[in-house]
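**Student:** Requesting a structural model of the entry that follows:
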Amino acid sequence: MRSRRFWGGVALVALSLPLVLLSSTGAALAHERRNVGPYTFVVGFINEPAFSDMLNGVDLRITQTATGEPVTGAEQTLKVTVMQGSDSRELSLRARFNQPGAYVADFVPTRPGQYRFRFTGTIAGTPINELFESGPGRFNDVEDAAKLKFPAPAAAPAQDTSAQLTQLARQVATLERTLQETQGAASNAQLFGLAGTVIGLVGLGVGVWALTRGRREQPTGQPAQQRA
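**Tutor:** Below you'll find the predicted structure:
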């Protein structure tokens, strides 16, 4: 009986072990694994599935391909550029606490769709320039967070129509006053200009008349001598 129970327990553990391993590595299943020189990179989002407008980050794990040993200190010489469409931003990597060889670059994806991560720099003198793209068979695209919202957000209250009309009427009245003031100033300027022109012409006429009169009154010869 004891032997039968023992082997039954062994069989139960053997059957359940794959399920335990599968659940513990579920996050890595949505990552892309690739050999980069002498290293193995495992890349994806730190939180998967990834949703727009939610805190997330680039998840990077580096090991020695030959030995499987984690690579530490890569945050000092390695950077990642996150790209979405035509937008890009370079981010710094930080080592994850108590997880040798694991790194993260925090950011909030603001748009759903495909994201690309380019790692550049060096690791122990080895140049690194590697591009990873989200998609089927690699790691998840970012999904629209709208599908998670419940209940639906309330619509913005419409502005009162009467208030809009009142505001519009005030703006029109202000424009009319400004136009009238502008026209009045222009009319006054024209009147002042016309008055100045008239005064100038009158002055010129008076000057010409005085000059002409003076010439007429000037004697043409010497006066005759008076008789004794």
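**Student:** which residues does the residue nearest to residue 73 when sequence neighbours are not counted contact?
**Tutor:** Spatially, and ignoring its direct neighbours in sequence, residue 73 is nearest to residue 95 (7.9 Å; C-beta to C-beta, 6 or more residues apart in numbering). Backbone N, C-alpha and C define where each C-beta goes, glycine included. Applying C-beta atoms under 8 Å, 6 or more residues apart in numbering, we find residue 95 in contact with 72, 73, 74, 75, 102, 103.
**Student:** what about residue 95, distance to residue 72?
**Tutor:** Separation of residue 95 from residue 72 (C-beta to C-beta, to the nearest Å) stands at 7 Å.
**Student:** With residue 167 instead?
**Tutor:** Distance from residue 167 to residue 72, by C-beta to C-beta: 63 Å.
**Student:** Same check on residue 32?
**Tutor:** Residue 32 is 22 Å from residue 72, by C-beta to C-beta.
**Student:** Looking at those two, which has the bigger crowd around it?
**Tutor:** Neighbour count, other C-beta atoms under 10 Å: between residue 32 and residue 72, residue 32 has more, with 17 against 13.
**Student:** tell me the contacts of that one?
**Tutor:** When contacts are counted by C-beta under 8 Å, 6+ apart, residue 32 touches 42, 43, 44, 132, 138, 139.
**Student:** Torsion angles phi and psi at it?
**Tutor:** Main-chain torsions, residue 32, degrees, to the nearest 10: phi -100, psi 130.
**Student:** swap in the one 10 residues further on?
**Tutor:** Note on residue 42: its backbone torsions stand at phi -120, psi 120 [degrees, to the nearest 10].
**Student:** May I ask you to confirm that it is in contact with residue 31?
**Tutor:** Yes - in this structure residue 42 lies within contact range of residue 31 using C-beta atoms under 8 Å: 5.0 Å.
**Student:** Settle it for me: which of the two has more neighbours?
**Tutor:** Higher neighbour count among residue 42 and residue 31: residue 31, with 21 against 18, using other C-beta under 10 Å.
**Student:** so which helix or strand takes in the closest residue in space to that one that isn't next to it in sequence?
**Tutor:** Closest residue to residue 31 apart from its sequence neighbours, by C-beta to C-beta, 6+ apart: residue 44 at 3.4 Å. Taking DSSP states H and E as the criterion, residue 44 maps to strand 39-45.
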